[in-house]
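In: Below are the sequence and a predicted model for it; my questions follow.
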Amino acid sequence: MTGQLNPQTIVFFENRLTALSEARVGILTHALNYGTGVFEGIRGYWNEPENQLFLLRPREHFLRWKQNCGILRIEVPPSAVELSEITAGVVRRNRYRCDVYVRPLAYKSSERIGLHMDDQSAFAIVAMPVSAYLDSSKGLHAGVSSWRRIEDNAIPGRGKICGSYVNGALASDEARRNGFDEAILLTEAGHVAEGASCNVFLVRHGKLIAPPASENILEGITRDSVMELARQELRLEVIERPVDRTELYICDEMFFTGTMVEVAPVIRVDHRPVGTGEIGPVTAELRHLYSQAAHGRLNAYRDWLMPVYESVPAQSRA
Ligand SMILES: Cc1ncc(COP(=O)(O)O)c(C=O)c1O
């Protein structure tokens, strides 16, 4: 996914641009001890013909981040637009001309022992070059996890709260050790929630089906983008409803969505082929459409993108 970053990489930390090597927190930091941080994940796509790097839906990501921070009573003062500008500045300072991943992180920053939460918090934004997260081009093999998805009343899964990712880490570790590419977590009621780090979709009888927000899922922005593409471009009916485990075994197609995994086809689940066992036509089309939109090649979705560099007319580039 991303390699070790050069310590001289410029990051936004304590309200200024600084070297990664200077961006350090103390061992007693509340978030480090108790998981009281909230993070985001945003992609930027390099468009070679336009000599431009596009951040994908940064405003939506920062709005989600600020809302989720509210769950932990963490205040991030800049607006979503200002945070997008800060991020573009970080990317420019590092002169990235490749696909990037951006990791905003807000956290309870007081350095003391004790669970209670005070108002002291801080945030950072790091941008890094990224390559493919999971090579999903040939389709993935997913396994239903023995770990259940955390309940909203225990740790809000929609919150992208650092501590809640122990749930996904355990499931992902188990899945990989058992020979799967990714885990699928069920709710305590036994319904399909999502992958360890991604949302899940099924295709049945020509309709797109996704577990609803009330199934303890993270309300994915890629999920939202893919629903819009399915409705607008493929004229598909999109249904949000509870999904049983065995529907995974009888569906026609299945795929994951997420900032990192993008649109990742699932061709086997629990050692059973999904549909024909090949990447299905709906999945292939949505994967292509999403990639086109994210790279700025679909005019109808250009408003999802924020250019990082000043546009230079093609003739004056040489
Ligand atoms: C647990 C979980 N579910 C779903 C997603 C997909 O969300 P998004 O499409 O906003 O990246 C992610 C990744 O961010 C995730 O960590």
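Out: Yes, it's here.
In: Not counting sequence-adjacent ones, nearest residue to residue 17?
Out: Closest residue to residue 17 apart from its sequence neighbours, by C-beta to C-beta, 6 or more residues apart in numbering: residue 10 at 5.3 Å. (Each C-beta comes from the backbone N, C-alpha and C, glycine too.)
In: before we move on, what about residue 84?
Out: By the measure of C-beta to C-beta, 6+ apart, the closest residue to residue 84 outside its immediate chain neighbours is residue 58, 4.0 Å from it.
In: got the phi/psi numbers for the residue nearest the centre of the chain?
Out: Centroid check for the chain by C-alpha atoms, centre = their mean gives residue 259 as the closest residue, at 3.5 Å. Backbone geometry at residue 259, expressed as degrees, to the nearest 10, gives phi -50, psi -40.
In: check contacts around it.
Out: Residue 259 makes contact with 41-43, 56, 101, 220-222, according to C-beta atoms under 8 Å, 6 or more residues apart in numbering.
In: Hmm, the residue nearest to residue 17 is touching residue 19, no?
Out: Yes: between residue 10 and residue 19 there is a contact under C-beta atoms under 8 Å: 6.5 Å.
In: Can you give me the neighbour number for the closest residue to residue 281 other than its chain neighbours?
Out: Excluding the flanking residues, the one nearest residue 281 by C-beta to C-beta, 6+ apart is residue 253, at 7.9 Å. As a burial measure, the neighbour count of residue 253 was computed by other C-beta atoms under 10 Å and equals 23.
In: need the contact list for residue 253.
Out: When contacts are counted by C-beta under 8 Å, 6+ apart, residue 253 touches 202-203, 265, 274-275, 280-283.
In: Kindly report the same for residue 211.
Out: Contacts were defined as C-beta under 8 Å, 6+ apart; by that measure residue 211 touches 191-194, 199-200, 217, 240-243.
In: Tell me the secondary structure of residue 276, please.
Out: Following DSSP: H, G, I helix; E, B strand; the rest coil, residue 276 is assigned to coil.
In: what secondary structure does residue 54 sit in?
Out: Secondary structure, three-state DSSP: residue 54 is strand.
In: residue contacts, the residue nearest to residue 6 when sequence neighbours are not counted?
Out: Distances taken as C-beta to C-beta, 6+ apart place residue 20 nearest to residue 6, at 7.4 Å, with adjacent residues excluded. If a contact means C-beta under 8 Å, 6+ apart, then residue 20 has 5-11, 126 as its contacts.
In: For the stretch 51-200 of the chain, give me the ranges with low pLDDT.
Out: By pLDDT under 70, the low-scoring segments of the stretch 51-200 of the chain are 132-134.
In: Please identify which residue in it comes closest to the ligand.
Out: The ligand sits closest to residue 197 of the stretch 51-200 of the chain, with a gap of 4.3 Å, by C-beta to the nearest ligand atom.
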